[in-house]
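A.B. asks: Next one to model:
(one chain, ligands or ions: 1)
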Amino acid sequence: MTARPLIYAANWKMNLGPQDAAAFLDRFLELTAPQPDRSLWFFPPAVSLATVAHAVRPRPDILVGAQNVHWEPKGAFTGEISIPMAQEAGAEVVLIGHSERRHLFGETDDQVARKTAAVLKAGLRPLVCVGETLAEREGGRTEQVILRQLEPLLDKVASADWGRLVVAYEPVWAIGTGKNATPDDAAQVHELIRFALGRRGVSGRLPILYGGSVSAKNVLALLARPELDGVLVGGASLDPDGWAELVGLEAAP
Ligand code: 13P
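C.D. replies: Numbering: from 1, shown residues only. Here you go, the predicted structure:
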């Protein structure tokens, strides 16, 4: 029996400029080989995209993505990057609606949906993040928040396009805190996402990743749950040796 395909996504956030990114990849590629049914996605900062895309060219198991894009193809949007630009620099996937974009930079559910639709239209794959804050979880509003975040996506993305989408469940309280969701908590929200999509006619199994304080210590317990199709990792993806170890871990038979 073959294992289900897993995605290991590294979100470098505002770390690793071109020089550090090149050094990271030199070391990481030396330490790893492609593994069946496992793909590795890197989201470097925009200035390092081309460097990373160039370095991973010999590795078809590795995809490179932008951390954010604007939905317009060009124009007077100081500080933004467009989808065609990200594509030209080598991006094949785009991270959209990360909680840091939503909470620190005021990105709305509607903007997330517009970006997602534009990324799909350009032929790239969006990795869309959803997740509740601690106050929302403690107030019993997790389900309501996740459904609210999904709703504009369901309105703007045609059902035929959902096959190219990936969702990441990243509870805000678990990001960078060292306090990961338990495998049960994560699996429950992944089920909710699948149920909500299925109810609106999205068919097929869309990959759903978990993110929030994933480490080499907890990744196997999380991925032991069949509801999880991979992980989206911040801090633990910044060191090439540690990241190579994490993506190579195998559950005991
Ligand atoms: P940490 O793995 O550092 O908690 O970050 C998670 C994250 O935000 C990935 O997008």
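A.B. asks: which residue ranges form the helices in the stretch 1-150 of the chain?
C.D. replies: Taking DSSP state H, counting those that start in this stretch as the test, the helices found in the stretch 1-150 of the chain are 18-31, 49-55, 83-88, 99-104, 109-121, 134-138, 142-156.
A.B. asks: Counting neighbours, what do you get for the residue of the chain found nearest the ligand?
C.D. replies: In the chain, the residue that lies nearest the ligand is Gly234 (2.5 Å; C-beta to the nearest ligand atom). Where you see a C-beta, it was placed from the backbone N, CA and C, and this is true even at glycine. Neighbourhood size, Gly234 [other C-beta atoms under 10 Å]: 22.
A.B. asks: what are the phi and psi values for it?
C.D. replies: With angles defined as degrees, to the nearest 10, Gly234 sits at phi -100, psi -90.
A.B. asks: Glu170: what's it in contact with?
C.D. replies: Counting by C-beta atoms under 8 Å, 6 or more residues apart in numbering, Glu170 touches 98-99, 129-131, 210-212, 232.
A.B. asks: residues from the stretch 1-150 of the chain in reach of the ligand?
C.D. replies: Contact residues (C-beta under 6 Å from any ligand atom) of the stretch 1-150 of the chain with the ligand: 11, 98.
A.B. asks: Repeat the analysis, applying 5 Å as the threshold.
C.D. replies: Within the stretch 1-150 of the chain, the residues that sit near the ligand (C-beta under 5 Å from any ligand atom) are Asn11.
A.B. asks: Grab the nearest non-local neighbour of the residue of the chain closest to the ligand.
C.D. replies: In space, Gly234 comes closest to Asn11 once its chain neighbours are excluded; the distance is 5.2 Å by C-beta to C-beta, 6 or more residues apart in numbering.
A.B. asks: Also Leu222?
C.D. replies: Leu222 sits nearest to Pro183 (C-beta to C-beta, 6+ apart), 5.2 Å away.
A.B. asks: Can you read off the pLDDT for that neighbour?
C.D. replies: Note for Pro183: predicted pLDDT of 97.
A.B. asks: Distance of it relative to Glu88?
C.D. replies: To Glu88, Pro183 is 39 Å away according to C-beta to C-beta, to the nearest Å.
A.B. asks: So if I had to pick from these two, which one is more boxed in?
C.D. replies: Pro183 (18 against 12).
A.B. asks: show me the contacts for Leu6.
C.D. replies: For Leu6, counting by C-beta under 8 Å, 6+ apart, the contacting residues are 37-39, 223, 229-230.
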